[in-house]
Structure formats: structure tokens, C-alpha cells
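Trainee: I'll drop the sequence and a predicted model, then ask my questions.
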Amino acid sequence: MHGTPSVSLRLSSRPFTHSRMTFPSSIDDTQQRLQALDYVPSRELAATVFLALKLQRPLFLEGEPGTGKTEIAKVLAQMLGRPLIRLQCYEGLDMAGAAYEWNYARQMMAIKLGEGSAPGLNTEARAQELFSERYLIKRALLQAIDPSQPVAPVLLIDELDRADEPFEAFLLEVLSDYQITIPELGTIRAATPPIVVLTSNRTREIHDAVKRRCLYHWVDFPTLQRELVILERRVPDAPKALAREIVAFIHRLRQLDLYKLPGVAETIEWTRALLALDAVVLDPELISQTLGVLLKYQDDIAKVSGSEASKLLNEVRDTLRAAGFMG
Ligand SMILES: Nc1ncnc2c1ncn2[C@@H]1O[C@H](COP(=O)(O)OP(=O)(O)OP(=O)(O)O)[C@@H](O)[C@H]1O
Ligand SMILES: [Mg+2]
């Protein structure tokens, strides 16, 4: 039918333009620039991000749910003035869903309409025409390394643990050489490597070979102080005293034996919910009424509502008082 070209194929010869914003110059600079976009990283995360950018290595983030793993890719794209390309992983994700697939419907149509069958075109040439870029559907991974893009994007490969293990083998080629080989077309290689962020909720272990190519960081729940700063940035209308109670209460919840602990996303949502109810301080009834914003499992809700809410709130207030935050 058609042969596999042995040469490396560039989809376009358009040179890479340097319109992107510069990389941060230090860990401090990384921290400040992320914070300027309302993302409040730990010092360790800022260091890993800085190094990933500097060394051009993918960033692999594992951690608790709702702790800013996905968000950092969005913020990095904004910070560096790059487009964000997102690949959401799921069970059964394959190359057709992640990288490319041939547009069979269009190819069939072309055959029926006799496209590519200009006089003089032999069967081989017609087949080559049918397997040209024109009939290629580019999915996230191919878009991310497409050399015709003016700026290398940020590629977010989100929740990799949801994809099946064989998918990781395919990712290796992309992550090590920033290239994808399409048998009918050749090898497509990024003109400039994309900035890659991989995330996992660790429902299963990701293969060492993938991890080895990345800089790894475990995203933990933030400290009380950092979560307060996050809340200040994300819900600036929240009164300080209420914000303190909310964050301290959530930190107390995270010490309980719950099926699913509330993340930063839940802290933000809960604060918004409490503001919508015109809350000024927490009270046990308010907590019980709004637990559904924080906890998503009935067993967890049952553990915290009613008299337990009041007990936890008293403990939280004692802690805040001891830390000099309450009169
Ligand atoms: N360090 C942070 N600074 C600012 N906002 C944060 C931070 N961490 C989390 N958030 C907020 O929490 C929300 C949830 O974050 P995100 O969706 O990135 O979590 P995740 O770790 O990807 O969660 P999941 O594992 O459930 O996908 C974001 O919308 C963001 O507003
Ligand atoms: Mg996420």
C-alpha cells in the first residue's frame, strides 16, 4: 500500500517564535509569580516547578485530592503566556483518544468522490495523499508537540492513574523525545518541548519508567497558615475571623478517620457557601446544615454532624485561643 517514510517529518517549517514570557529566574521568583496569579505554592513545590522549567523535565504531581495539582498547570500556562492543552485520562484511553486518529469518514468520502485521483497519480501516490496531514485528527499529545505551533504549550496529562498501564508505555516515547511516530506519516517532533505537568491521585502506582523522566512532588494538604493565604486570595470577601475558624475546623476534620478528607477546593467552596448564608462566625447548626459542601459521603457526614460538630468547634476555638487568635 504505502511505505513508511524514513525521514523525520516536520509538519511545518515555521520557526519557533520567542513570544512566550520568560521562565522564572529563581525559586523565590517562581513563588512570587505563582502567587501573583493567586496560586499559593509551598516552598518545595515552587522549587520543583522552578527546576522542572529550568531542566526542561516534566513535572509529576501526586497527592491528596483538591490540593491544586490540576490548577498549577493552568496557572503555569497563564504565567508563561502559553496555551494549555489538557489530556484528561480515563480507563480505556488509547492512542486514538490521546494522540491522533485518521479521519476515516473523510478518507472514505475522498475515495468516493475520487479526490486525490488527479490524472497521473498512481495508486501509491493516492494512498499517500489519503494518509497525509489533511486527514489526520490531532488529539492532545500530537497538538502539544505540533511544530507548526507558534509557542510550545503547557501540556497537562491529568489523572494518569485513571488510564490503563499500557498507555504509560506509549507516553514514554512522548515524554523522552517529545515525538510521536505515525507509521503512515513519519515521526513528528516538537520544535520546542512543551511544558508537561502530569498528575495522579495515586489510585494505583505509576510505572517507574514514567516517573524517572519527571521531577516528582507530593502535593500535601497545606499548612494552616498557607491555607489561610489561599483562602484570602480565592475568597477575598471572607471576614478574617471566619476564615480562621473555617481553616482551623477543616484542619481538625483532616485529623479524623474519614473516608474522604476535604481538600482546599472544599475549603473554598465551604467558605463561599457560608458567605452566601451571611455567616460571620461558625456555629454547630450552620456546620451541620452545610456539611454536604465539605464531605461527600454519608458515613463521613454522620460522623461530624450534631453534637460532634459542636465538640469539634469547641476544640478548634480552644486551639485558636491558645494561638492568640481569639479573645
Ligand atoms: N496552592 C493553592 N493556591 C491557590 N489555590 C489553590 C491551591 N491549591 C488548591 N487551590 C484551589 O483548589 C481548587 C482545586 O484545585 P485542583 O482542582 O487543582 O485540585 P487537584 O489537586 O487537581 O484535585 P483532584 O485530585 O480532585 O483533581 C482550585 O480551583 C484552586 O482554586
Ligand atoms: Mg485535578
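Mentor: Everything's here; your move. Ligands and ions are numbered 1, 2, ... in the order given.

Trainee: how near is M95 to L172?
Mentor: Distance, M95 to L172, by CB to CB, to the nearest Å: 13 Å. (Glycine included, C-beta is placed from N, CA and C.)

Trainee: repeat for W102
Mentor: Between W102 and L172 the computed distance is 23 Å (CB to CB).

Trainee: what does K303 give?
Mentor: Distance, K303 to L172, by CB to CB: 43 Å.

Trainee: Then I137?
Mentor: For I137 relative to L172 (CB to CB), the value is 23 Å.

Trainee: after the host helix or strand of V229, next one along is what?
Mentor: Here V229, judged by DSSP states H and E, is contained in helix 224-234. Later in the chain than helix 224-234, the nearest helix or strand by DSSP H and E is helix 240-253.

Trainee: what's the offset of that following helix from the middle of its chain?
Mentor: Centroid separation for helix 240-253 versus its chain: 27 Å, with CA atoms, centre = their mean, to the nearest Å.

Trainee: Okay, now the unreliable bits of the stretch 101-250 of the chain?
Mentor: Counting by pLDDT under 70, the stretch 101-250 of the chain contains low-confidence ranges at 115-121.

Trainee: Check it for the residue nearest ligand 1 and tell me.
Mentor: The minimum distance from the stretch 101-250 of the chain to ligand 1, using CB to the nearest ligand atom, falls at I230 (4.4 Å).

Trainee: What of the chain?
Mentor: G68 (2.5 Å).

Trainee: and that residue, how many neighbours?
Mentor: By other CB atoms under 10 Å, 25 other residues sit near G68.

Trainee: next one: the one 4 residues further on
Mentor: Using other CB under 10 Å as the criterion, I72 is surrounded by 24 other residues.

Trainee: ok, which stretches of this structure are strands?
Mentor: 8-9, 59-63, 84-88, 100-102, 136-138, 154-158, 179-182, 186-189, 195-200, 215-219 (DSSP state E).

Trainee: Now render those as TSV, adding distance to E266 and mean neighbour count.
Mentor: Shown next, in TSV, are the strands of the chain (distance: least, CB to CB, whole Å; neighbours: other CB atoms under 10 Å):
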stretch	distance to E266	mean neighbour count
strand 8-9	47	12
strand 59-63	15	23
strand 84-88	21	19
strand 100-102	37	17
strand 136-138	36	16
strand 154-158	19	25
strand 179-182	38	18
strand 186-189	41	19
strand 195-200	18	26
strand 215-219	15	19
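
Trainee: Could you provide these in JSON lines, with additional columns for distance to ligand 1?
Mentor: Shown next, in JSON lines, are the strands of the chain (distance: least, CB to the nearest ligand atom, whole Å):
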{"stretch": "strand 8-9", "distance to ligand 1": "35"}
{"stretch": "strand 59-63", "distance to ligand 1": "6"}
{"stretch": "strand 84-88", "distance to ligand 1": "10"}
{"stretch": "strand 100-102", "distance to ligand 1": "26"}
{"stretch": "strand 136-138", "distance to ligand 1": "25"}
{"stretch": "strand 154-158", "distance to ligand 1": "7"}
{"stretch": "strand 179-182", "distance to ligand 1": "26"}
{"stretch": "strand 186-189", "distance to ligand 1": "29"}
{"stretch": "strand 195-200", "distance to ligand 1": "6"}
{"stretch": "strand 215-219", "distance to ligand 1": "6"}
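
Trainee: Redo these as a markdown table? Include distance to D164.
Mentor: Shown next, in a markdown table, are the strands of the chain (distance: least, CB to CB, whole Å):
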| stretch | distance to D164 |
| --- | --- |
| strand 8-9 | 29 |
| strand 59-63 | 18 |
| strand 84-88 | 14 |
| strand 100-102 | 18 |
| strand 136-138 | 21 |
| strand 154-158 | 14 |
| strand 179-182 | 19 |
| strand 186-189 | 24 |
| strand 195-200 | 14 |
| strand 215-219 | 21 |
